[in-house]
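> here are the coordinates; sequence isn't available:
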Ligand SMILES: Cc1cc2nc3c(=O)[nH]c(=O)nc-3n(C[C@H](O)[C@H](O)[C@H](O)COP(=O)(O)OP(=O)(O)OC[C@H]3O[C@@H](n4cnc5c(N)ncnc54)[C@H](O)[C@@H]3O)c2cc1C
């Protein structure tokens, strides 16, 4: 039994754990995988004070940045553990949250997919977001065999390949820009009638001769044998079904909050984000707090996740002491 249970293994959770532990309460982090989104493609320029490996924070380096993000989370975890935080690797993540009454207080009970149970006086939810799937045939089959949800390795690994980026928002165009230097052919497939993203990224992509936009195109299927061979899409303009031959598909169609296990327990908004009081990080369930990308705080940035984690921890410990 711990004073504070923290759900998640990203920046917000380890930051929360660290700041709670500094207040001399017992803390356990329950994690399903280490690193969270920070272990994916990153521009460390947006993390204040970070100078990068070559000392130049302005250089956007997809080749190095995923390492930097993962390392940052490892560093915060190390700081938390040095302050006495226990970390439990939950099998399949937390699936259920409930409580029981003891001496007029609620004791919170978390349960993972393996049936392991964790108990605490308070909970901080920092379970973040995960990439939104297309939900089409072939997608699950080819995950790790040509389907990915962001730049999980160096863009250079795609030198000479034909690749498709599905989704032309900010994230999609960032991935496309990194790939455009190496790919033989890069198709940006977008269900809407125009690309999003910032103007300068659009302009840089417009200068790349290997980049084509396929707009008004709804992906229906991912095809291949042992490895991805292409995508099938319907043109919303002509109604025709077309096939695009590619060696790799990057799905960049947005992120969903990891909040399924909280439904019915505390308030979530229409997008599934946990609704919090922005001053205290309290959820609608007394004694349960939340921080980072899983919440309805609109800004989804690493530094904000770190700050929100710290803030949630301080408020959570204050609540524990005052109750
Ligand atoms: C491709 C990409 C690029 C980005 N680039 C930048 C950037 O350049 N600069 C920037 O500032 N921000 C960037 N971000 C955003 C930034 O990474 C996030 O805002 C930040 O990492 C959020 O941290 P978090 O701890 O709230 O959530 P997450 O990083 O999502 O961590 C949540 C963790 O909780 C775990 N979890 C989920 N459900 C459960 C459960 N039920 N039980 C236990 N554990 C669970 C998850 O597996 C995950 O490890 C980027 C994000 C992506 C995806």
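Yep, it's here. All values reported here derive from a predicted model rather than from experimental measurement.
> stretch 211-221: how far from the chain's middle?
24 Å (CA atoms, centre = their mean, to the nearest Å).
> check stretch 257-270 too.
Offset of stretch 257-270 from its chain centre (CA atoms, centre = their mean): 16 Å.
> next: stretch 289-296.
12 Å.
> could you give the mean pLDDT of it?
The pLDDT scores in stretch 289-296 average 98.
> does the ligand sit close to it?
Yes. Stretch 289-296 comes into contact with the ligand (CB under 6 Å from any ligand atom), by way of 292, 293. Where you see a C-beta, it was placed from the backbone N, CA and C, and this is true even at glycine.
> what parts of this structure come near the ligand?
Counting by CB under 6 Å from any ligand atom, the chain sits next to the ligand at 7-13, 30-33, 36-38, 40-43, 46-47, 90, 93-94, 126-129, 150, 171, 258, 261, 292-293, 300-303, 305.
> out of these, which sit inside helices?
Cross-referencing those against helices under DSSP state H gives 11, 12, 13, 171, 302, 303, 305.
> who wins for neighbours among the residues you listed?
residue 12 (35 neighbours; other CB atoms under 10 Å).
> what sits against the spatially closest residue to it that is not a sequence neighbour?
Excluding the flanking residues, the one nearest residue 12 by CB to CB, 6 or more residues apart in numbering is residue 292, at 2.7 Å. Contacts for residue 292 (CB atoms under 8 Å, 6 or more residues apart in numbering) come out as 8, 10, 11, 12, 13, 126, 128, 304, 305, 308, 309.
> from the residues you listed, which is closest to residue 266?
residue 126 (13.8 Å; CB to CB).
> residues contacting the closest one?
6-8, 10, 12-13, 16, 290-292, 294, 305, 309, 312.
> so how far is residue 25 from it?
For residue 126, the distance to residue 25 equals 16 Å [CB to CB, to the nearest Å].
> residue 79 reaches residue 18, doesn't it?
Yes. Residue 79 is in contact with residue 18 according to CB atoms under 8 Å; the separation is 5.2 Å.
> these two: who's more crowded?
The neighbour count for residue 79 versus residue 18, taken as other CB under 10 Å, is higher for residue 18 (25 against 16).
> quick one: contacts for residue 257?
127, 128, 129, 268, 271, 272, 273, 274, 293, 294.
> which among those residues count as buried?
127, 128, 129, 268, 272, 273, 274, 293, 294 (16 or more other CB atoms under 10 Å).
> which one of the residues you listed is nearest the ligand?
Relative to the ligand, the closest of the buried ones among the contacts of residue 257 is residue 128; by CB to the nearest ligand atom it sits at 1.9 Å.
> dump the residue contacts of the closest one.
Residues near residue 128 by CB under 8 Å, 6+ apart: 8, 10, 12, 36, 37, 257, 258, 292, 293, 294, 305.
> against residue 71, how distant is it?
18 Å.
> which residues of the chain fall in helices?
11-21, 62-82, 170-180, 199-206, 302-322.
> and those, which is most packed in?
Highest mean neighbour count among the helices of the chain (mean count of other CB atoms under 10 Å): helix 11-21, with a mean of 30.
> so for that helix, mean pLDDT?
For helix 11-21, the mean confidence score works out to 97.
> and it with helix 62-82, angle?
Angle, helix 11-21 to helix 62-82, by axes from the mean of the first three to the mean of the last three CA atoms, to 10 degrees: 20 degrees.
> show me what helix 11-21 is packed up against.
strand 2-7, strand 27-31, helix 62-82, strand 117-125, helix 302-322 (3 or more CB pairs under 8 Å, 6 or more residues apart in numbering; DSSP states H and E).
> let me have these in JSON lines, extended by mean pLDDT.
Output for the helices and strands packed on helix 11-21, formatted as JSON lines (pLDDT from 0 to 100):
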{"stretch": "strand 2-7", "mean pLDDT": "98"}
{"stretch": "strand 27-31", "mean pLDDT": "96"}
{"stretch": "helix 62-82", "mean pLDDT": "79"}
{"stretch": "strand 117-125", "mean pLDDT": "98"}
{"stretch": "helix 302-322", "mean pLDDT": "97"}
